[in-house]
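> only geometry, no sequence info:
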């Protein structure tokens, strides 16, 4: 089996010190591949990269309308947020509005992903709660559906709970796959993860961004979530986080989302394209550069956006004394 | 060019989610290769994996004896320490003993590498200093040589300072290489890094651990540093850090040291072997598993040690709710 191609180089002084291989697919809503590299059929756990698909029932069920969810709330429902105060406060207020609290979240607690937010918490002598979990918005969205439909909220993360059955049905429709026998795993927030071919993931992302041929209710939900993310990119990730910076750089052209272990996806609605990539070794630092490179190539970006995305593609590495000692860049030749 | 082999797999649920490729060399003090994988001639920046070579002038110059350095001090001179209180206090007291202070360290400041030590610092409302830099012991060792020899301490990190010329001379002798034209870079602590073939690195590590045929003063210095590291593994890294745990697990059979960007080395004095490895993508999580696998294969370990090293080879991955969701392991077939 041919190895996947080098996508990102990490240089230091006169050497390329480390290299990241990966695979990617760019395809349209029919699944026609317009560009790819490496093994597009191998399975991938999309991890957090499909949070906006997991959030579709929130809109389709009527819960979002019934609870009057705002764009920041819809964006944080799709987020891997940094646990910054605005993220946490937004989720806390939303939970209260649906008559629930932090104890109802089954995602577990972890330190805020954004270092400055973690430091603030530690300095205050406080411990992180499930509100700080990067997935707290997604979980609050799922709880909102249960509340709206009068279902039990306890155990909403279990595969046989109606909420997760709805999510799997959405996946199957968006991916055009029967997932009954797909390999499974548990995500960092304890929700089910489904192993799917990378090309199928790219197709689902394309359909999310260009949903014209989906059933009208589904298409409307896709558009609602995409609009919320594009209007509130801070809520999707946070200060200096790549998803937020890349969405801002692309000036509304692309819905962009990361997943753990080196996954990235982007929908480019105006071109009807979806992008999915996976870095073989799981490195986020490489996935960021790779999605940026693909956005440059396929995003049909305005000149001002191109310059901003290009600036994201070549981050420098500074050492402890503040000296620039190296940097990352797309590997030559792709 | 054949790709380097898969060395470490990262599994989640029913999938291998990420894979790490790398290359390794096991050789004797003559440089005869007894086992290898992947490209052994390609260059590598050894990074912190050669701190015990960088520390040889500390002993050879007579500085260690003159300042009465203890095994913990000699071990921290070779360390990438976690910035825990004992590391920081040891370095601070040593600096004071040579008539210098934190302002003389040119390594820069960073947060303690060990998370609990960083949290303690943040909770105290304090900022990290150069003492917390994982390299502060190495730098204090270099400053000690300068003080002992009556050389200026300012600029001791510069390539043309006598201290760095001494270190390069040690590298050339231990590596058996002329490094005049070797590609260079700057390390995280601003010291020069030299690009060297992985096989040459393994040879130097073998000679460090089995220095019988080196000049007697050099051989004695190698033995002094190896004994200090084996006696004080906590000082080399810290609480729950892989170097410390692996040295303890091997029960005195191996001197083991990590370097940034996925480098690991180990000397096995009783067998006269040196091991050097580099993970292609720079992942520490994979370098740890790979060096453990090589120690099992070549360390001639006692049964009790084998069981302890085996336990280090298959760490589990827990999610935010504390559930075991996956784990790392050596890739099948090597």
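Looks like it arrived, so ask away. Computed from a predicted model, the values in this text were never measured in an experiment.
> which one is residue A:135 nearest to, not counting chain neighbours?
In this structure, residue A:135 finds its nearest non-sequential neighbour in residue A:189, 3.9 Å apart by CB to CB, 6 or more residues apart in numbering or on different chains. No exception for glycine: its C-beta is placed from N, CA and C like everyone else's.
> Let me know whether my guess that that neighbour is in a helix holds.
No - when DSSP: H, G, I helix; E, B strand; the rest coil is applied, residue A:189 is found to be coil, with no helix at that position.
> Residues of the stretch 51-200 of chain A that sit close to chain B?
Counting by CB under 8 Å from any CB of the partner chain, the stretch 51-200 of chain A comes close to chain B at A:106-110, A:119, A:122-123, A:125, A:133, A:183-190, A:193, A:195.
> let's see 6 Å
Those residues of the stretch 51-200 of chain A that sit near chain B, judged by CB under 6 Å from any CB of the partner chain, are A:108, A:110, A:119, A:122-123, A:133, A:183-186, A:188, A:190, A:195.
> So which other helices or strands are in contact with the helix or strand hosting residue A:205?
Taking DSSP states H and E as the criterion, residue A:205 maps to helix A:198-209. Judged by 3 or more CB pairs under 6 Å, 6 or more residues apart in numbering or on different chains; DSSP states H and E, helix A:198-209 is in contact with strand A:15-28, helix A:162-175, strand A:263-268, strand A:273-279.
> how about the last one, does it reach chain B?
Meaning strand A:273-279. No - residues of strand A:273-279 are not located near chain B by CB under 6 Å from any CB, the shortest gap being 7.8 Å.
> Partner strands of that strand and their direction?
Strand A:273-279 pairs in its sheet with strand A:15-28 (antiparallel), strand A:263-268 (antiparallel), by DSSP bridges.
> For the last one, the averaged confidence score.
Along strand A:263-268, the predicted local confidence has a mean pLDDT of 98.
> Check which residues of it are buried.
For strand A:263-268, burial by neighbour count (16 or more other CB atoms under 10 Å in any protein chain shown) applies to A:263, A:264, A:265, A:266, A:267, A:268.
> So which of these is the closest to chain B?
Minimum distance to chain B across the buried residues of strand A:263-268 is 9.5 Å, recorded for residue A:263 (CB to the nearest CB).
> what residues are up against the closest residue to the closest one other than its chain neighbours?
Counting by CB to CB, 6+ apart, the nearest residue to residue A:263 once its immediate chain neighbours are dropped is residue A:49, at 4.6 Å. Residue A:49 makes contact with A:257, A:259, A:263, A:265, according to CB atoms under 6 Å, 6 or more residues apart in numbering or on different chains.
> With distance to residue A:218 as added columns, please give these in CSV.
Below are the contacts of residue A:49 laid out as CSV (distance: CB to CB, whole Å):
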residue, distance to residue A:218
A:257, 18
A:259, 22
A:263, 23
A:265, 18
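> rewinding a little: type out the PyMOL command that picks the buried ones from the residues of the stretch 51-200 of chain A next to chain B.
Remark: buried members of these, expressed as a PyMOL selection using 16+ other CB under 10 Å:
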select buried, chain A and resi 108+110+119+122+133+184+185+186+188+190+195
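> In strands, which of the residues of the stretch 51-200 of chain A next to chain B fall?
Using DSSP state E, the subset of those located in strands is A:184, A:185, A:186.
> quick one: pLDDT of the second one?
By that I understand residue A:185. So, for residue A:185, pLDDT stands at 97.
> quick one: contacts for residue A:298?
Contact partners of residue A:298, counting by CB under 6 Å, 6+ apart, are A:26, A:273.
> And it, how close does it get to residue A:175?
21 Å (CB to CB, to the nearest Å).
> now swap in residue A:210 and tell me
15 Å.
> So which bits of the helix holding residue A:205 are buried?
A:198, A:199, A:200, A:201, A:202, A:203, A:204, A:205, A:206, A:207, A:208, A:209.
> Compute the inter-axis angle for that helix and strand A:15-28.
60 degrees (axes from the mean of the first three to the mean of the last three CA atoms, to 10 degrees).
> For residue A:189, give me phi and psi.
Here is the backbone geometry of residue A:189 (degrees, to the nearest 10): phi -100, psi 10.
> picking that back up, tilt between the helix holding residue A:205 and helix A:162-175?
100 degrees.
> Now the element after helix A:198-209, going C-ward?
For helix A:198-209, the following helix or strand on the C-terminal side (DSSP H and E) is helix A:216-231.
> what's whichever helix or strand comes after that following helix in contact with?
Using DSSP H and E, the next helix or strand after helix A:216-231 towards the C-terminus is helix A:233-236. Helix A:233-236 is contacted from outside by A:72, A:75, A:76, A:79, A:229, A:243, A:244, A:247, A:248, using CB under 6 Å, 6+ apart.
> Flag the shaky bits of the stretch 151-300 of chain A, pLDDT-wise.
For the stretch 151-300 of chain A, no stretch has pLDDT under 70.
> So what pairs up with residue A:278 in the strands?
residue A:23, residue A:263.
> ranking the strands paired with strand A:273-279 by burial, who's on top?
Ranked by mean neighbour count, those are led by strand A:263-268 with a mean of 29 (mean count of other CB atoms under 10 Å in any protein chain shown).
> Next, the angle helix A:216-231 makes with that strand.
Using the same axes, to 10 degrees: strand A:263-268 against helix A:216-231 is 100 degrees.
> Show me how far strand A:263-268 is from its chain's centre.
8 Å (CA atoms, centre = their mean, to the nearest Å).
> quick one: contacts of that strand?
With CB under 6 Å, 6+ apart, strand A:263-268 has contacts from A:46-47, A:49, A:205, A:208-209, A:254-258, A:274-278, A:287, A:291, A:299.
> for stretch A:125-136, same thing?
A:80-81, A:83, A:88, A:91-92, A:102, A:105, A:107, A:109-113, A:189, B:320.
> buried ones in that stretch?
Applying 16+ other CB under 10 Å to stretch A:125-136 flags A:128, A:129, A:130, A:131, A:132, A:133, A:134, A:135, A:136 as buried.
> Now distance to residue A:68 too, for the residues you listed, in CSV please.
As requested, the buried residues of stretch A:125-136 are arranged in CSV below (distance: CB to CB, whole Å):
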residue, distance to residue A:68
A:128, 28
A:129, 25
A:130, 23
A:131, 21
A:132, 25
A:133, 24
A:134, 24
A:135, 22
A:136, 19
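> ok, so of the residues you listed, who is nearest chain B?
Using CB to the nearest CB, residue A:133 comes nearest to chain B of the buried residues of stretch A:125-136, at 5.6 Å.
> excluding its backbone neighbours, what's nearest that closest one?
residue A:107 (4.5 Å).
> The one you found contacts residue A:189, correct?
Yes - contact status for residue A:107 versus residue A:189: in contact at 3.9 Å, counting by CB atoms under 6 Å.
> thinking again about what came up before, how far away is the residue nearest to residue A:135 from residue B:193?
Separation of residue A:189 from residue B:193 (CB to CB) stands at 39 Å.
> for residue A:113, same thing?
In terms of CB to CB, residue A:113 sits 30 Å off from residue B:193.
> same deal with residue A:154?
55 Å.
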